[in-house]
Structures are given as C-alpha cells and as structure tokens.
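1. Based on what follows, work out the 3D shape:
(chains A and B)
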Amino acid sequence: MNKVNKIIRRDLNLSILTGVTMLVLLWSAVFFGDAMYSLKNIQSMTFQIPEFGFLALAMMLSNMIGGIDLSIIANANTVAITSAYILNGQWAFGMTGSARIVAAVAAAVIVSLLFGLLNGVLISRTSAPPLIATLGTMTLFQGIGMAVTGGASVGDIDKGFAQMGKATLMQIPLIFWLFLLTAVILGTVLSKSKFGRKLYLYGDNPTASRFSAIDNDKMCICTFLLTGVLAGMAGLIVLSRVNSAKVGYGDSYLLQTLIVCVVGGIDPNGGKGRVWGVLIAVVLMQILSSAFTIMSLSPYTKKLIWGIMLVLVLGLNYALRKYTNRMELRKSLKEGC
Amino acid sequence: MKTKKLDRFQGILLLIIIIYSVFVAIKNPAFIHIETIFDITRVASTTLMVAIGLLVVMISGGIDVSFMAVALFGSYTTINIMIETGIDNLAFAFVSAALIGGLLGVINALLISWLKLPPFIITLGTQNLFHGIMTTFISDKSFGAGVLPESLHAFGQASVFKIKDVGLTASVLPVLLAGLATWFILYRTMIGRGIFAIGNDEESARRAGFNPFRIRLFVYVYSGILAGIMGMMYVAQTNALYPNKLVGDELIVVAAVVIGGTKITGGQGKIFGAVLGVIIIYLLNTTLIMIGLSSSWNNLFVGTILVISVAVTSYQEKVKNRNNLIFTE
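-> Down below sits the predicted model:
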C-alpha cells in the first residue's frame, strides 16, 4: 500500500489524469456500450487521433519553453495546401506516381521547417513574445495559403497518397502507429537526451539557462523547428485523411490542443510536463469527443464544455499546487523540529 | 527621449498609411470619394471601441481574447430582454449591455488573479465559456431586421453630419467618448498610473503601494464594459443579430493594437497608436479590391506588417535591455 501511495505521490497530476481517464472509459462503456467500443468506432477514433495528436505535441513543445505557438494550425493547413498542389499535378513538374508522393512529403517537411525557422528566429533574435510573434506568423501563413488558393479547397490528389491515410496495420491505422512512434521518440528525447535536459532548464528559467552556458537562441530555434515539423506532419495527415486542403480547416483545434496540454500536466509557464501525460490527455479528449458525437450535442454545447473544462482543470491544478506546497512545507517543518 | 522614440514609430505608421492611400488614390481615383472614407470609419468604429479596451488591458501587461464573446453576450442578452419586455430605449440598451459586459469582466479578472496563469489561456477558456453559456442557456435564435427594437436601428442609421447626402455615422460618438475617457483615466488619474506601473513591473508596483488585484479588476471590467457597448453598436449597424457573429474576430483586433506599437509585456502603449493600427487593417481590408487584388491577399499583408512591427519593437527593447545588462529573455 505504501508503495502504491509513493508511486501516486511521485506525480500526483499524472496519477489523477490516469484515474479520470479510466473513469471516463468505464463510464462510456456503461453508457454507450457497443456504440463506443465496437471495432468500427475504435478504428474511427484512431483515425481521428493522429492529426490532432501531432498538433497537441507541437503545442506541448512550445508550452514547455514557456511560450505558445498559435501558428501550428495555419502551418498545417498551408503545408497541406502545398502538398496537395504537388499531388494533384499542378506543381508536379512532370513527376508522376510515387515520385510525386516523395516530392510532396519532402516539400511538406521543407515548408514546415521554414515556417518553424521563421518562428524560432523571430522569437530568439528579437526577443519577441511568442504569443504575438506567432500571432503574426499565423496571419502570415494563413495569408500565404489564402493568396495561393483564393480560399478554395485544393483536392483531386494522387490516389496512392490518399490510400496511405486509409492503410491499416493490425486493424489499426498506419497514421496512428506513426503518431505513437513519434510520441515515443519525442518522449525519449525529452527525458533521456542532453537536448531534453537543456529544454526543461531553458523552459523553467531562460535567464538561468543563459548563464549556465546553454545557447538559448539555438534552443529556441530548435524547439520551434520541431514544432513546425510536427505541425507539418499534422497537415500531411489531414491531407491524407480528408483528401483535400484548405485555409481554415480545424480552427477549433487551437483551444483543444491547449486543453490537452493543460490537462496533460504541461505548465504553460514552461519547464514542466511529459509526453506521457499529453498522450493520455489526447486519448481522453478523443473519447469525450466521440461521446459527444454519439450524444449528438450541438457545437455550441461542445464549446461550453471545452470552456468549462479548461477553466476547471486550471483551477484544479492551482488547488493541487497549493495543497502539495503546503504539505511539503509541513513536512519540512516537522523535520526541522 | 522615450516619448520621442515612440512618436517616431507612430510617425512611420502614419507615413505608411499616407503613402499607401496616395498609391491607392492614383490607381483608383474612386478611393478619394468621401463615401469611401466614411464607410471605412463606419466599419472601423466598432473595432476601435474594443481596441481601446484591449489597449488598456495590454498596457497592464495582460491580454484579453474574450471581448468578442463578451460583446456578443452583452448585446444578445440585452436584445432578448428588450424584445421580451417590449422596452424600446437606446439608453437602456447601452447601459444594460455595458453592465453585462462589466460583470463578465469581473469573472475574467477574478480567474486571472486567482489562477496566476497566462491571461491568454484563461480568456481563451472564458471566451468559449461565455459563448457556450449564451447559446446553451439563453438562446441561439437569430434576429432579423423586423424584430429588433426600432430605436437601435435609428441609431445605426443616424449620422453626425452630412456631406452631399453621405453622413458620418453616429457610432463615432461613443468611440470618441470612450477614447477621451480612456485618455483621462490613463494619464490623469492614479488608476492610470497604476495600470502603467503593474504593466512595467508588478512587484515594483506592489511595493510602491499599488494594489495589483484592484487594478486588474478595473482593467478587465473596463474592457468588458467597452465590449458590451461595442456589441450594441454592432447590432445597431448591421440591424441583425446572429449567435455566431463577432466571436472569432478577436485576433485581428489584437493584431491591430500590436501594430500600433503596444507592448504585449505591458507598460507601453498609446491610444493614437491603436487608432493607427485599426486604420491600417481596415484600409487594407477595404482597398485591396480597389488596387486589383482579391481580398484573399488581406491576411498576407496584415501578417507581414504585424511580423515586421513586432520584430522592430521587440528588437529595440532587446538592444536597450542588453545595453543596461538586463538579460531577461
């Protein structure tokens, strides 16, 4: 019992999150039964998770260095548009078949890296606050997408690429495996590598990290490069799933990614949080989302619930922090006597 | 020295506006018509109202992205009350909307003070919360032109003065009043000093005897009141009311205020700058078609201007800080 207690205590936030997720899983099993846990529904959920999950991972990284990246969705959409133009042959330069797919993926990576680089350079070199800098780049990326497409959706993409979005491995979509793999790699990098250590330190206190011989500018640019690539991956997944791309797809994801990060134990002030928490939070979010769809709630009600959820979780985190601080204080006082 | 530098920034903005206007006028002489100018004023007046409220919030070091939801909440609830009870009074409409806006502002201020988290995340939450509460618990019906109170419609159509049958909208009056009131509060009262003080450094302000909680409360309530009034002005102008309008247009107002030279970390910002920012955005919005570009180019230009202006203001600040050996990021 003591051991269990110790494990729970070690990361109270994560333990509570896991508990809540299990409760929700149980609740939805009792209420919806087969509607929720049929193979078909699980498959459709695992189809929906990756695009949102990649965006959530991107938001998580930017939150971990104490910033925020508003441009991820605009980034994803513009990347999807670029790839769609290559895949439907308009910008293919005579390439056909699989060459087109390779070119589209390469273009997606390059464009998203460029976007990330712009964010990183802007924020590190000029010390612009991430919120405003990425608001600017968000408008800019959207603007590029709008100027190119004129607001229309770009479709008619290569059949082979569309198949990739539908492909499954052991009944589970390929894109979901891709998401899991990325999350595991990212988690390992953050918790085990030197880069991860530096990232946490930089996020917790940038001034201290600067005086600890960490190259803050490099850290910032690297983080936003990663954020950009993750957002670009989300864009590719959207394209492969929906088979078309347009400006303004998934605007409501901004709030949802922030909720997932907060629920997953990421401190928006930086320096705290783990991929594991975000992963559980993404699953929780998707189950709730599916439950709302089964209950056929109106988009307004969903909005209300997301809003309540964000404020509630922030409040709970605050109460929890206060409680643990008091406990630690009491403990240290006892030891002092 | 400091004020001089600021004026230079605003001077550049003004110069950009003038050069762009001349360029548009040469390309398309229709631009210099008084109608176009009055039309831009009419559309921009509502945005200017919330921009002023947001400016005050940003000077205090916070940010508010819930004001459009507050505006919608205030006007929508008031209109519902007016239609149900049959009150048809302009003063009641504005006072009620402002009161509701102020109340929602209190909620914002309390949450931000208690949770001590980035105001952006909290107001993003309350934005959805307010909008959700309104549409779920009050109503999500749309109101057409016939049902709305007559006095509001009259206000929306009224004009201050007329030049050749084209009138300047009466909406500029509340905006002008709000601008004057804000100027007075910011530069002539202790609250205004407090707003600048906690924007620059909250801890220093606290030690100098300011009460950050009270100032924050004032700031968000003020923003809420202006938002409520703006919601009413919007209803009067469009003469229709939908539960899904306004919300979602917050960020462009934030962009306008930032382009006007307001520092998001607080302590710096001018009303005139916010006015210039709003003018630039609406100028682009309405004139891109005149110079032969489709309106889809709008975001590209606004984004470019925003990125450049953020880069310039932040870089100046960074250089100043490094010269003083301040190494906060």
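
2. can you count the residues close to the residue in chain B that chain A sits nearest to?
-> Relative to chain A, the nearest point of chain B is B:Gly132 (2.4 Å; Cβ to the nearest Cβ). Heads up, the C-betas are built off the backbone N, CA and C, glycines and all. Residue neighbour count, defined by other Cβ atoms under 10 Å in any protein chain shown, stands at 22 for B:Gly132.

3. Would you mind writing the CA trace of the strand or helix carrying it as PDB?
-> Per DSSP states H and E: B:Gly132 is located in helix B:119-133. Output in PDB follows, covering the C-alpha atoms of helix B:119-133 (Å, rounded to 0.1, in the frame of the first residue of the first chain):
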ATOM      1  CA  PRO B 119      -4.200  35.500 -19.300                       C
ATOM      2  CA  PHE B 120      -4.300  34.400 -22.900                       C
ATOM      3  CA  ILE B 121      -5.200  30.800 -21.900                       C
ATOM      4  CA  ILE B 122      -7.700  31.900 -19.300                       C
ATOM      5  CA  THR B 123      -9.500  34.300 -21.600                       C
ATOM      6  CA  LEU B 124      -9.500  31.800 -24.400                       C
ATOM      7  CA  GLY B 125     -11.300  29.500 -21.900                       C
ATOM      8  CA  THR B 126     -13.800  32.100 -20.800                       C
ATOM      9  CA  GLN B 127     -14.400  33.100 -24.500                       C
ATOM     10  CA  ASN B 128     -15.700  29.600 -25.100                       C
ATOM     11  CA  LEU B 129     -17.400  29.500 -21.700                       C
ATOM     12  CA  PHE B 130     -19.300  32.800 -22.300                       C
ATOM     13  CA  HIS B 131     -20.300  31.900 -25.800                       C
ATOM     14  CA  GLY B 132     -21.300  28.400 -24.800                       C
ATOM     15  CA  ILE B 133     -23.400  29.700 -21.800                       C
END
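
4. List the buried residues for the helix or strand that comes right after it?
-> Going down the chain from helix B:119-133, the next helix or strand is helix B:150-157, by DSSP H and E. For helix B:150-157, the neighbour count (16 or more other Cβ atoms under 10 Å in any protein chain shown) marks B:Ser151, B:Leu152, B:His153, B:Phe155, B:Gly156 as buried.

5. related to what we said a few turns ago, so what touches the helix holding B:Gly132?
-> For helix B:119-133, the external contacting residues (Cβ atoms under 8 Å, 6 or more residues apart in numbering or on different chains) are A:68, A:131, A:254-255, A:258, A:262, A:268, A:300-308, A:310-311, A:314, B:57, B:62-66, B:68-70, B:72-73, B:104, B:107-108, B:111-112, B:115, B:247, B:250.

6. can you give me the helices for chain B?
-> Ranges of helices within chain B are B:2-27, B:34-59, B:67-85, B:90-115, B:119-133, B:150-157, B:172-188, B:190-200, B:202-207, B:212-238, B:250-259, B:271-287, B:298-323, based on DSSP state H.

7. Serialize the ones you listed to JSON lines and add fields for distance to A:Ala58 and mean pLDDT.
-> JSON lines is the format used below for these (distance: least, Cβ to Cβ, whole Å; pLDDT from 0 to 100):
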{"stretch": "helix B:2-27", "distance to A:Ala58": "33", "mean pLDDT": "77"}
{"stretch": "helix B:34-59", "distance to A:Ala58": "26", "mean pLDDT": "89"}
{"stretch": "helix B:67-85", "distance to A:Ala58": "26", "mean pLDDT": "90"}
{"stretch": "helix B:90-115", "distance to A:Ala58": "24", "mean pLDDT": "92"}
{"stretch": "helix B:119-133", "distance to A:Ala58": "16", "mean pLDDT": "89"}
{"stretch": "helix B:150-157", "distance to A:Ala58": "43", "mean pLDDT": "81"}
{"stretch": "helix B:172-188", "distance to A:Ala58": "38", "mean pLDDT": "92"}
{"stretch": "helix B:190-200", "distance to A:Ala58": "30", "mean pLDDT": "91"}
{"stretch": "helix B:202-207", "distance to A:Ala58": "31", "mean pLDDT": "90"}
{"stretch": "helix B:212-238", "distance to A:Ala58": "30", "mean pLDDT": "92"}
{"stretch": "helix B:250-259", "distance to A:Ala58": "18", "mean pLDDT": "89"}
{"stretch": "helix B:271-287", "distance to A:Ala58": "28", "mean pLDDT": "88"}
{"stretch": "helix B:298-323", "distance to A:Ala58": "19", "mean pLDDT": "86"}
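
8. Let me have the ones you listed in JSON lines, extended by distance to A:Thr139.
-> Below are the helices of chain B laid out as JSON lines (distance: least, Cβ to Cβ, whole Å):
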{"stretch": "helix B:2-27", "distance to A:Thr139": "17"}
{"stretch": "helix B:34-59", "distance to A:Thr139": "16"}
{"stretch": "helix B:67-85", "distance to A:Thr139": "17"}
{"stretch": "helix B:90-115", "distance to A:Thr139": "24"}
{"stretch": "helix B:119-133", "distance to A:Thr139": "16"}
{"stretch": "helix B:150-157", "distance to A:Thr139": "30"}
{"stretch": "helix B:172-188", "distance to A:Thr139": "24"}
{"stretch": "helix B:190-200", "distance to A:Thr139": "24"}
{"stretch": "helix B:202-207", "distance to A:Thr139": "30"}
{"stretch": "helix B:212-238", "distance to A:Thr139": "22"}
{"stretch": "helix B:250-259", "distance to A:Thr139": "6"}
{"stretch": "helix B:271-287", "distance to A:Thr139": "10"}
{"stretch": "helix B:298-323", "distance to A:Thr139": "3"}
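
9. closest to A:Ser296 out of those helices?
-> helix B:119-133 (16.5 Å; Cβ to Cβ).

10. Could you check the angle the closest one makes with helix B:250-259?
-> Orientation check (axes from the mean of the first three to the mean of the last three Cα atoms, to 10 degrees): helix B:119-133 against helix B:250-259 gives 150 degrees.

11. Tell me the residues of the stretch 151-300 of chain A that contact chain B?
-> Residues of the stretch 151-300 of chain A lying near chain B by Cβ under 8 Å from any Cβ of the partner chain: A:151, A:206-207, A:210-211, A:216, A:251, A:254-255, A:258, A:262, A:268-269, A:298, A:300.

12. Go ahead and flag the most central residue of chain B.
-> B:Ala51 (1.7 Å; Cα atoms, centre = their mean).

13. which residues touch it?
-> By Cβ under 8 Å, 6+ apart, the neighbours of B:Ala51 are B:Val253, B:Ala256, B:Val257, B:Ala274, B:Val275, B:Gly277, B:Val278.

14. Looking at those, which two lie furthest apart in space?
-> Pairwise distances across those peak at 12.6 Å for B:Val253 and B:Val275 (criterion: Cβ to Cβ).

15. And the two? Which one has more around it.
-> Per other Cβ under 10 Å, whichever of B:Val253 and B:Val275 has more neighbours is B:Val253, with 26 against 21.

16. Please report the distance of that one from B:Phe94.
-> 20 Å (Cβ to Cβ, to the nearest Å).
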